[in-house]
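Colleague: Provided below are the primary sequence and the corresponding predicted coordinates.
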Amino acid sequence: MHVPEIQRKIDELKQDLLFWENYLKDLQQNCQHTFEGETLYRKCLHCEKIEVLYY
Ligand SMILES: [Zn+2]
């Protein structure tokens, strides 16, 4: 593989990453969270968003 190809591939993957990060953010923002308790953090059953708990 030549360098320009590799750079193009990296750029593509960055775009993909950005897309999926935004997708996940949207999904977690619009979720009606149902958190399942843990000792130090709890996780939403639907979107897997994690909330850290401080005691
Ligand atoms: Zn959720």
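Modeller: That came in fine, so what should we check first?
Colleague: what does this protein have sitting close to the ion?
Modeller: 31, 33, 44, 46-47, 49 (C-beta under 5 Å from the ion). Glycine gets a C-beta too; all of them are placed from N, C-alpha and C.
Colleague: tell me which two of these sit farthest apart.
Modeller: His46 and Lys49 (8.5 Å; C-beta to C-beta).
Colleague: name the residues contacting each of those two.
Modeller: 31, 33 (C-beta atoms under 8 Å, 6 or more residues apart in numbering).
Colleague: after the helix or strand hosting Asp26, next one along is what?
Modeller: Here Asp26 sits within helix 3-29, counting by DSSP states H and E. Going down the chain from helix 3-29, the next helix or strand is strand 35-36, by DSSP H and E.
Colleague: walk me through which strands the helix or strand following that next one pairs with, and which way each runs.
Modeller: As assigned by DSSP H and E, the chain's next helix or strand after strand 35-36 is strand 41-44. When sheet partners are counted by DSSP bridges, strand 41-44 sits next to strand 35-36 (antiparallel), strand 50-52 (antiparallel).
Colleague: for those, which one sits closest to His2?
Modeller: strand 50-52 (41.0 Å).
Colleague: ok, and what's touching that closest one?
Modeller: 35, 40-44.
Colleague: cool, stretch 29-38 as well?
Modeller: Residues outside stretch 29-38 that contact it (C-beta under 8 Å, 6+ apart) are 42-47, 49, 51, 53.
Colleague: so what's the residue count around the nearest residue to Cys44 once chain neighbours are set aside?
Modeller: Counting by C-beta to C-beta, 6 or more residues apart in numbering, Cys44 lies nearest to His33, which is 4.3 Å off, once chain neighbours are set aside. Neighbour count for His33, taken as other C-beta atoms under 10 Å: 13.
Colleague: kindly report the same for the one 5 residues further on.
Modeller: Applying the criterion other C-beta under 10 Å, we find 12 residues in the vicinity of Glu38.
Colleague: quick check: end-to-end length of stretch 29-48?
Modeller: 12 Å (C-alpha to C-alpha, to the nearest Å).
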